[in-house]
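>>> the sequence and its predicted three-dimensional model are supplied below.
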Amino acid sequence: MNGPGEGSGLPRYSVSALNAAVGSLLERGFAPRFLLEATVSRPQLKKGHLWMTLVDDQASITAVVWASQLSRLSLQPSDGDGVLVVGKLNFWASRASLSVQVLDLRPSLSSVLRRFEQVRQLLSGEGLFAPERKRTLPPLPQCIALLTSVPSSALADMLRTAAERWPATRILVVPIPVQGAVEGQICATLSHLYTHLESQGIEAIVLARGGGSREDLTVFDGADLARVLAASPVPTVSGIGHEDDTTIADLVADHRAATPTAALVALLPERAAVLAGLAQARRHLAQLVTLRLQGERQQLGRLDERLSQLHPRDLLDQRRTSLRQARSLLRALSPEHILQRGFSLIRLGTGPLVRSVHDLHPDQAVVLELADGQADALVRQIHPHPSPPAAPA
């Protein structure tokens with residue numbers, strides 16, 4: 001009887017040959033790079049390399065980030081973090097050991113949203129999202145600082161929009177990294193910029209990043225960045241990701257724009273609209289000036305008329321006319337004029353005028369004064385008028 005496997009046609013391997021065959025099979029039949037959704041478990045550094053276990057609800061596999069790659073990771077994972085790994089398989093034929101070599105990893109959407117909610121609750125208690133702390137944007141900024149990735153399509157769109165809308169505003173482009181573990185660099189850039197705002201004449205700050213997945217925007221969910229952004233001495237505008245994306249930086253900024261381009265639209269006036277407004281203001285001003293001139297002309301006409309009435313020659317004529325009228329009135333009311341009309345005055349000798357019959361008595365001598373002389377007379381009889389009847393009680 002033959003021994004095990006002898007004559008059966010089965011392939012024969014040594015351990016090293018079997019392991020090499022498995023490795024060759026994996027190398028030929030598996031993608032050189034792949035994406036892996038998992039949860040990080042027990043990450044630990046060993047000799048500069050980061051080892052961890054990637055798990056889901058049914059299985060696990062060992063993973064490693066070599067020291068040469070560790071500093072370039074966009075995320076330093078913690079235990080329990082949901083991640084999306086860019087990796088490849090490592091198979092050590094000497095011990096038939098299989099692991100995932102991590103080339104890069106990003107937080108999974110669930111992990112991003114969980115962290116967003118944690119930071120939101122933390123900063124909400126600090127009052128960083130309070131509506132009353134939001135500042136209004138400057139109407140015509142002379143200079144704005146634009147913090148974004150350089151170069152980028154988002155930057156090109158923003159600069160084109162600024163040139164079209166309001167080219168008078170000076171744009172100071174401040175390059176920043178916008179993805180990965182770069183929160184500290186952005187905070188440092190902002191803090192340094194704050195010390196130069198006055199000397200540069202900067203009136204507003206725009207923090208912008210172009211489109212990407214929500215996971216790519218996780219750097220803008222940091223609590224440290226939010227606190228530094230809230231401490232800005234000038235109004236801030238965020239234009240991060242797409243319209244549906246909301247980050248912690250969006251909640252802290254004085255104004256949240258849906259996109260980077262929308263941030264410039266919100267901050268800069270539109271040149272055509274301003275020109276139309278100026279034209280309307282000019283027409284309104286011209287109408288006001290016309291109405292004012294008409295009013296002043298009318299006032300000058302009234303003053304000129306009044307001045308002509310106050311001319312010394314006219315005043316003298318008016319005074320002469322008034323004097324002639326007064327003289328005529330005095331002449332009409334003078335005793336001489338009355339006497340010339342046929343009336344006479346009666347005097348008691350050279351004494352006072354007789355004003356009543358009760359001042360006379362019979363055989364009394366009086367003097368009659370006429371227009372052309374005097375005559376002596378003697379009162380013979382007095383005939384008083386009968387007294388009017390008394391008014392009934």
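Nice, I can see it.

>>> show me what contacts residue 268?
Residues in contact with residue 268 (C-beta atoms under 8 Å, 6 or more residues apart in numbering) are 141, 161, 162, 165, 166, 169. All C-beta spots, glycine's among them, are computed from the backbone N, C-alpha and C.

>>> low pLDDT regions in the protein?
1-8, 390-393 (pLDDT under 70).

>>> quick one: the helices in the stretch 201-350 of the chain, in order.
Applying DSSP state H, counting those that start in this stretch to the stretch 201-350 of the chain gives helices spanning 223-230, 248-252, 260-267, 271-309, 312-333, 335-340.

>>> got the contact list for the second one?
By that I understand helix 248-252. By C-beta under 8 Å, 6+ apart, helix 248-252 touches 116, 119-120, 123, 128-129, 207, 220-223, 225-226, 229-230, 236, 238, 240, 256.

>>> can I take it that residue 39 is in a strand?
Yes - using DSSP: H, G, I helix; E, B strand; the rest coil, the secondary structure at residue 39 is a strand.

>>> could I get the helices of the stretch 201-350 of the chain as TSV with mean neighbour count and distance to residue 98?
Output for the helices of the stretch 201-350 of the chain, formatted as TSV (neighbours: other C-beta atoms under 10 Å; distance: least, C-beta to C-beta, whole Å):
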stretch	mean neighbour count	distance to residue 98
helix 223-230	20	39
helix 248-252	24	39
helix 260-267	22	44
helix 271-309	10	63
helix 312-333	10	122
helix 335-340	12	148
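
>>> would you mind putting these into CSV with distance to residue 385 alongside?
Converted to CSV, those look like this (distance: least, C-beta to C-beta, whole Å):
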stretch, distance to residue 385
helix 223-230, 111
helix 248-252, 112
helix 260-267, 106
helix 271-309, 53
helix 312-333, 26
helix 335-340, 21
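
>>> I figured residue 382 was touching residue 360, is that so?
Yes - here residue 382 reaches residue 360: they are 5.8 Å apart, a contact under C-beta atoms under 8 Å.

>>> about what we covered before: among the contacts of residue 268, which pair sits farthest apart?
141 and 161 (14.1 Å; C-beta to C-beta).

>>> that older thread, out of the contacts of residue 268, which sit inside helices?
161, 162, 165 (DSSP state H).

>>> most surrounded residue in those?
Within these, neighbour counts (other C-beta atoms under 10 Å) peak at residue 162, which reaches 22 neighbours.

>>> can you give me the buried ones in stretch 132-140?
137, 138 (16 or more other C-beta atoms under 10 Å).

>>> between the two ends of that stretch, what distance do you get?
By C-alpha to C-alpha, to the nearest Å, the extent of stretch 132-140 from end to end equals 23 Å.

>>> who's in contact with that stretch?
127, 166, 168-169, 203-204, 230, 235, 237, 254-255, 266-267, 269.

>>> hmm, 10 Å instead?
Stretch 132-140 has contacts (C-beta atoms under 10 Å, 6 or more residues apart in numbering) with 127, 144, 166, 168-169, 203-204, 230, 232, 234-237, 252-256, 266-269, 274.

>>> quick one: distance of it to the chain centre.
Relative to its chain's centre, stretch 132-140 lies at 4 Å (C-alpha atoms, centre = their mean, to the nearest Å).

>>> and stretch 88-104, by the same measure?
58 Å.

>>> for that stretch, buried residues please.
89, 90, 91, 93, 99, 100, 102, 104.

>>> using ChimeraX, define a selection of the buried residues within the contacts of stretch 132-140.
In ChimeraX, a selection of the buried entries from the contacts of stretch 132-140 looks like this (16+ other C-beta under 10 Å):
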select :144,166,169,203,204,230,232,234,235,236,237,252,253,254,255,256,266,267,268,269
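
>>> in strands only, show me the contacts of stretch 132-140.
144, 204, 236, 237, 255, 256 (DSSP state E).

>>> now, which of those sits nearest residue 45?
Proximity of these to residue 45 (C-beta to C-beta) peaks at residue 236, which lies at 37.4 Å.

>>> so where does residue 147 fall, helix or strand?
Element membership of residue 147 [criterion: DSSP states H and E] is strand 143-148.

>>> what about that strand, distance to the chain center?
Taking mean C-alpha positions (C-alpha atoms, centre = their mean), strand 143-148 and its chain are 18 Å apart.

>>> that one vs helix 260-267, what angle?
Going by axes from the mean of the first three to the mean of the last three C-alpha atoms, to 10 degrees, strand 143-148 is angled at 160 degrees with respect to helix 260-267.

>>> doesn't residue 151 make contact with residue 175?
Yes - if you go by C-beta atoms under 10 Å, residue 175 and residue 151 touch, sitting 9.0 Å apart.

>>> between these two, point out the one with more neighbours.
A direct count of neighbours by other C-beta under 10 Å for residue 175 and residue 151 places residue 175 higher, at 14 against 10.

>>> which of the contacts of residue 268 lies closest to residue 24?
Checking the contacts of residue 268 one by one against residue 24 (C-beta to C-beta), the nearest turns out to be residue 161, at 55.4 Å.

>>> shouldn't that closest one be in contact with residue 262?
Yes - assessed by C-beta under 10 Å, residue 161 is found in contact with residue 262 at 9.0 Å.

>>> need the residues touching each of those two.
With C-beta under 10 Å, 6+ apart, residue 161 and residue 262 have no common neighbours.

>>> tell me how far the residue positioned nearest the centre of the chain lies from residue 255.
Residue closest to the average C-alpha location in the chain (C-alpha atoms, centre = their mean): residue 136, at 3.6 Å. Residue 136 sits 9 Å away from residue 255, going by C-beta to C-beta, to the nearest Å.

>>> what sits in contact with each of those two?
residue 235.

>>> coming back round to it: closest one to residue 35 out of the buried residues of stretch 88-104, please.
residue 104 (10.0 Å).

>>> doesn't the closest one lie inside a helix?
No - counting by three-state DSSP, residue 104 is not found in a helix; it is strand.

>>> so in terms of bridging, what pairs with it?
residue 86 (DSSP bridges).

>>> that one against residue 76, yeah?
No - the criterion here is C-beta under 10 Å, and residue 104 misses it with residue 76 at 12.0 Å.

>>> overlap in contacts of these two?
65, 180.
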